[in-house]
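[1] Below are the sequence and a predicted model; questions follow.
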Amino acid sequence: MHGTGSLLLLAVVPNARQTAVDGLHDGCLRLRLAAPPVEGKANDALVAWLATALHLPRRGARLLRGTSSRRKQVELDLPPAAVAAWLDGVLGPADRIQR
């Protein structure tokens, strides 16, 4: 990590109708992806979607673990407080605290 970055743990569900946050699942942010899990398309869609949602350049979000798993770990070039504020916006403060 680059000093002030964050790690985001995700539970990804590919082949959804649309890409959207779907709450929390087993301590991870659940994200439904409108991309198939074929040839890295879901991973590329995940990183691109996170970068856009968090107003980061594409290189500001990197998949660290889980290239072939539904459980992913993504490194973000954002301080934890900024990621927490984003999570509050997409989940609501009560949901985020339950992790």
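    Thanks, I have it. Numbers count the residues shown, from 1 in each chain.

[2] In its sheet, which strands sit next to the helix or strand containing residue 63, and in what direction?
    Here residue 63, judged by DSSP states H and E, is contained in strand 61-65. Here strand 61-65 is paired, per DSSP bridges, with strand 71-76 (antiparallel).

[3] Residues contacting the partner strand, please?
    Strand 71-76 is contacted by residues 1, 5-12, 28, 43, 46-47, 50, 54, 56, 60-66, 83 when judged by Cβ atoms under 8 Å, 6 or more residues apart in numbering. In this view, the C-beta of every residue, glycine as well, is placed from N, C-alpha and C.

[4] which residues does the nearest residue to residue 13 once chain neighbours are set aside contact?
    Spatial nearest neighbour of residue 13, excluding adjacent residues (Cβ to Cβ, 6 or more residues apart in numbering): residue 32 at 4.7 Å. Each residue near residue 32 by Cβ under 8 Å, 6+ apart is listed here: 12-13, 16-22.

[5] Can you name the residues bridging to residue 32?
    When bridges are assigned using DSSP bridges, the partners listed for residue 32 are residue 13, residue 20.

[6] what about it, distance to residue 4?
    According to Cβ to Cβ, to the nearest Å, residue 32 stands 29 Å off from residue 4.

[7] correct me, but residue 78 touches residue 5?
    Yes: applying Cβ atoms under 8 Å, one finds residue 78 in contact with residue 5, separated by 6.8 Å.

[8] So for those two, which sits in the more crowded spot?
    Under the criterion of other Cβ atoms under 10 Å, the comparison of residue 78 against residue 5 puts residue 78 first, with 20 against 16.

[9] so how many other residues sit close to residue 35?
    19.

[10] just to revisit the earlier point, which one (most neighbours) among the contacts of residue 32?
    Highest neighbour count within the contacts of residue 32, by other Cβ under 10 Å: residue 12, with 25 neighbours.

[11] Please consider this matter closed, and thank you.
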